[in-house]
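Asker: Model the structure of this input:
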Amino acid sequence: MSQLKEQAKKKNRSKKDQKIYDKTKKYLEKISDEEIDQKMKQIDQILDKEEGEERYSYLYDLLCDYLDSEFREKNICGFHNNLCKKRCHMIEKGIKKSTYDNGCCYSYLHGRDCKNLNAPYGCKVKNLGCKTFTCSYLKKQGYRYTLDKIYLSRYFFNQRQKFYIENTFFVDKPIIMEGIMKRR
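Answerer: From the prediction side, this is the model:
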């Protein structure tokens with residue numbers, strides 16, 4: 001950890017960047033994660049990007065990749081025969097509600113699957129709102145993702161940006177990036 005501290009001092013960072021670095025480091029130390037060095041290197045890579053759209057775009061991609069791997073490795077939705085855990089649970093309990101393939105990628109508002117769904121491979125676009133969303137069934141199982149709880153985004157986005165990102169569904173990254181930049 002001391003090597004990272006020395007590296008941080010060597011780099012000429014703005015006060016804002018140094019504050020983000022220090023807060024993130026403190027946060028990671030509290031959770032006592034074994035991979036702190038690797039995570040702090042990611043923070044360094046983000047801070048090395050020019051502040052603005054380049055940094056936000058890089059961070060956005062890292063967050064999408066992180067959530068994709070989190071859901072894939074833990075098999076959170078637990079798809080079986082194109083039905084998610086919640087839908088399978090409803091069928092097992094004999095609940096007569098109609099069930100839909102592809103879980104949360106089904107839009108009740110539009111009555112169809114998301115246009116960006118590329119079943120069975122997943123989503124064609126990177127949308128953090130969709131990736132942080134978990135249905136009520138998964139929330140009861142203890143799965144809840146918010147940008148405030150993910151170390152990469154905790155201090156980089158302001159509250160307006162986080163609210164916008166977490167509540168913008170079914171759209172592609174360029175549209176979300178535009179919204180992020182407007183809310184700086």
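Asker: How about the contacts made by Thr168?
Answerer: Thr168 is in contact with Asn127, Gly129, Ile175, Ile176, Gly179, counting by Cβ atoms under 8 Å, 6 or more residues apart in numbering. Backbone N, C-alpha and C define where each C-beta goes, glycine included.
Asker: helices or strands up against the helix or strand encompassing the second one?
Answerer: Think Gly129. Assigned by DSSP states H and E, Gly129 belongs to helix 128-132. Judged by 3 or more Cβ pairs under 8 Å, 6 or more residues apart in numbering; DSSP states H and E, helix 128-132 is in contact with helix 53-74, helix 159-166.
Asker: Single out the most deeply packed of those.
Answerer: Among the helices and strands packed on helix 128-132, helix 159-166 has the highest mean neighbour count (mean count of other Cβ atoms under 10 Å), at a mean of 17.
Asker: any low-confidence regions in the chain?
Answerer: Counting by pLDDT under 70, the chain has low-confidence residues at 1-11, 31-34, 80-83, 85, 87-102, 119-121.
Asker: can you tell me which residues contact the residue nearest to Lys16 when sequence neighbours are not counted?
Answerer: Excluding the flanking residues, the one nearest Lys16 by Cβ to Cβ, 6 or more residues apart in numbering is Glu51, at 7.9 Å. Contacts for Glu51 (Cβ under 8 Å, 6+ apart) come out as Ser14, Lys16, Asp17.
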